[in-house]
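Colleague: A structural model of the following input is requested.
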Amino acid sequence: MVVGNKYSECSSKIFRHHAVHKTATKKIFTLLYILVAVNIFLYAQDKNEAVQIQVDLAREQGNMKPIWAWFGYDEPNYTYMKDGKKLLSELAALSPVPVYVRTHSLLCSGDGTPALKWGSSNAYTEDANGNPVYNWHIIDSIFDTYIQRGMKPLAQIGFMPEALSTHPEPYKHNWKPGDPYSNIFTGWAYPPKDYNKWRELVYQWVKHSVERYGKKEVESWYWEVWNEPNGYWKGTQQEYMKLYDYAADGLKHALPTARIGGLNIAGTSGAGALKFMNAFVQHCLHDTNYATGKIGSPLEALLFHAKGNPTLKNGVVWMNMSPQLRDIAAGMKLAASYPETKNLPLIVGESDPEGCAACGMATNPSNAYRNGTMYSSYTAATFAREYELMDQYNANLIGAVSWSFEFENQPWFYGFRDLATNGVDKPVLNVFRMFGMMKGKRVMAESNRRYALQDVMDSSVRRQTDIGALASTDKNSAAVMIWNYHDEDRQSPAENIDVTISDIPAKQIKFTHYRIDNEHSNSYELWKKMGSPQDPTAAQIKELQNAGALQTMGQPATITTADKKTILHISLPRQGVSLLKLDW
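Modeller: Modelled structure (predicted):
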């Protein structure tokens, strides 16, 4: 280091002078102290040099497709409950496009009482003579809640009604966090005893939907058959193909223009999952249809799942996004391998840091990331890589479902994978509010501290923190999302970042800095400062709701550009996320 060399040279001169002029000892050592201090300071500055992010609004990279505007959850009956309605309203409000919503258990038998990993609608029962009895009241309550907010169902045709199941008893499970996950697979998971009745059930459901919401509306939905048939299905692969064929035939008889797809496989990159998924695509393209006797089955979308894998090391959560990204890449590769599917809409039916939304941190300590900024920074960094994968494989990715909603009347900040707790928004929801302000085209955003995509797919983020950016622009605005992420769930001092934005088509811009960190947009940190109350007062709840909103760093400012450029200097803590919004 140059400064160090100068220091060494100067030191030797000082000591020579000291031998000749002993009376100057005090002054010399004072000078020596100053030189050492300066050397240490300059070395520290060199080590903490600001991260450089370059954004060029003129270099388009594709559409800023709102692939994030898709959400899902296990418990459909939460939809029309108090906090469910509140959260759905917020999701609809933050998105510039209709939000798609996916839920399980829409056809399960029961009175609509919700429970963890359970829901029911009682849509199908039979009379004493075995004749079908249809009741759409609960399903209507669910779908009405979506439609009233301009949202769209990703309508899951499942699971099996009790009266149709080949093994109906036991039917409703009583699973709770900490129980073996296999306990949830009861009578609803089995094939139908009569496939014609199954087809007619789907026909009647779709026909009713068209009558209630109109043909144009239902044409805008997506339909799917079942969920994770390599885990949630107690039949064979061939029986699943049959289930799909009969459901698709019933749907197309009710509405020929309805869009249907499958198969929402779990663990997409695994050998068994890929084999099943390939068999499904081959069946839809070339096999004899079980329901019609013709060749092929309708396939208007390809759906698959992607999950990460957090672990606990010495009491600290370590995330791992590599499996999640590899699952997505595997689904895209498979779609690209068939001429008939390479341009199909692709939907990551569940795209999450891990598998069980209803498993809290008390029973699953590795899920302790969910309440704070780890979840929000992970979400920002992961979605950015999903856009990269979309570009790399030229994939028609239209949605990545965040399997996270809310759990009604549960303990505060229990550690569920949810967006809100008891009507109070968690930090992760604010990432989606940020995404909602990113419109138009994706543009070039380069960082000298962003991990390469392949590195993340190979080993996630284990060395220095990943500081990256995702940028977009439209006619009158631009937005730059910046994250400071690391797999290890701990805090560390903020890092300085210089953000150079070029090709700004205005001389003056309004600059707003939105932030998620321990001090901003973070209800969890405030709740802990309150003493972690499980029965907060009305005043405390109001404070928590305010803290859960997306907040800014100071007030918006007016900036004058120079040569269509501006340089913004920010400081971002580990696990923090910023959105730099420019308007003109």
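Colleague: all contacts plus neighbour counts: C-alpha atoms, from now on.
Modeller: Noted.
Colleague: for G293, see how far away the residue nearest the centre of the chain is.
Modeller: Closest to where the C-alpha atoms of the chain average out (C-alpha atoms, centre = their mean) is S402, at 4.0 Å. S402 is 37 Å from G293, where distance means C-alpha to C-alpha, to the nearest Å.
Colleague: give me the low-pLDDT residue ranges for the chain?
Modeller: 1-48 (pLDDT under 70).
Colleague: do a quick rundown of the helices in it.
Modeller: With helices called from DSSP state H, the chain shows them at 2-20, 25-47, 82-94, 137-148, 195-213, 215-219, 237-254, 271-286, 322-336, 373-392, 427-436, 453-459, 523-529, 538-547.
Colleague: would you mind finding the most buried of those?
Modeller: helix 427-436 (a mean of 24; mean count of other C-alpha atoms under 10 Å).
Colleague: contacting residues around that one?
Modeller: 66, 68-69, 94-96, 371-373, 375-377, 379-380, 419-420, 481, 514, 516, 521-524, 548-550, 577, 579 (C-alpha atoms under 8 Å, 6 or more residues apart in numbering).
Colleague: 7 Å instead?
Modeller: Helix 427-436 is contacted by residues 94-96, 372-373, 375-376, 380, 419, 516, 521-523, 548, 550, 579 when judged by C-alpha atoms under 7 Å, 6 or more residues apart in numbering.
Colleague: so the residue nearest to the centre of the chain sits against D74, correct?
Modeller: No - using C-alpha atoms under 7 Å, S402 makes no contact with D74, being 11.9 Å away.
Colleague: what about stretch 466-474, distance to the chain center?
Modeller: Between the centre of stretch 466-474 and the centre of its host chain there is 17 Å, according to C-alpha atoms, centre = their mean, to the nearest Å.
Colleague: correction: the previous question concerned stretch 548-558.
Modeller: 24 Å.
Colleague: can you list the buried residues in that stretch?
Modeller: Within stretch 548-558, the residues that qualify as buried are 548-552, counting by 16 or more other C-alpha atoms under 10 Å.
Colleague: so what's K197 up against?
Modeller: Neighbour list for K197: empty [criterion: C-alpha under 7 Å, 6+ apart].
Colleague: ok, 8 Å please
Modeller: By C-alpha under 8 Å, 6+ apart, K197 lies in contact with 132, 164.
Colleague: likewise for L526?
Modeller: Counting by C-alpha under 8 Å, 6+ apart, the residues that L526 touches are 544, 547.
Colleague: do you know how far it is from S532?
Modeller: Look at L526 and S532: by C-alpha to C-alpha, they are 9 Å apart.
Colleague: again with E224
Modeller: Distance, E224 to S532, using C-alpha to C-alpha: 41 Å.
Colleague: of those two, who's got more company?
Modeller: Counted by other C-alpha atoms under 10 Å, E224 and S532 do not tie: E224 has more neighbours, with 26 against 14.
Colleague: do I have it right that the more buried one meets V202?
Modeller: No - shown here, E224 and V202 do not form a contact pair, counting by C-alpha atoms under 8 Å, at 11.3 Å.
Colleague: quickly list what's touching both of those two.
Modeller: By C-alpha under 8 Å, 6+ apart, E224 and V202 have these common neighbours: I157.
Colleague: re earlier: ok, the residue nearest to the centre of the chain touching G355?
Modeller: No - using C-alpha under 8 Å, S402 makes no contact with G355, being 11.2 Å away.
Colleague: picking up where we left off before, out of the helices of the chain, which is closest to A445?
Modeller: Among those, helix 373-392 comes nearest to A445, with 10.9 Å by C-alpha to C-alpha.
Colleague: please name the nearest non-neighbouring residue to K342.
Modeller: Closest residue in space to K342, ignoring its immediate chain neighbours: A336 at 4.2 Å, by C-alpha to C-alpha, 6 or more residues apart in numbering.
Colleague: so the one you found makes contact with P345?
Modeller: No - here A336 does not reach P345: they are 11.5 Å apart, not a contact under C-alpha under 8 Å.
Colleague: kind regards, and thank you for your time.
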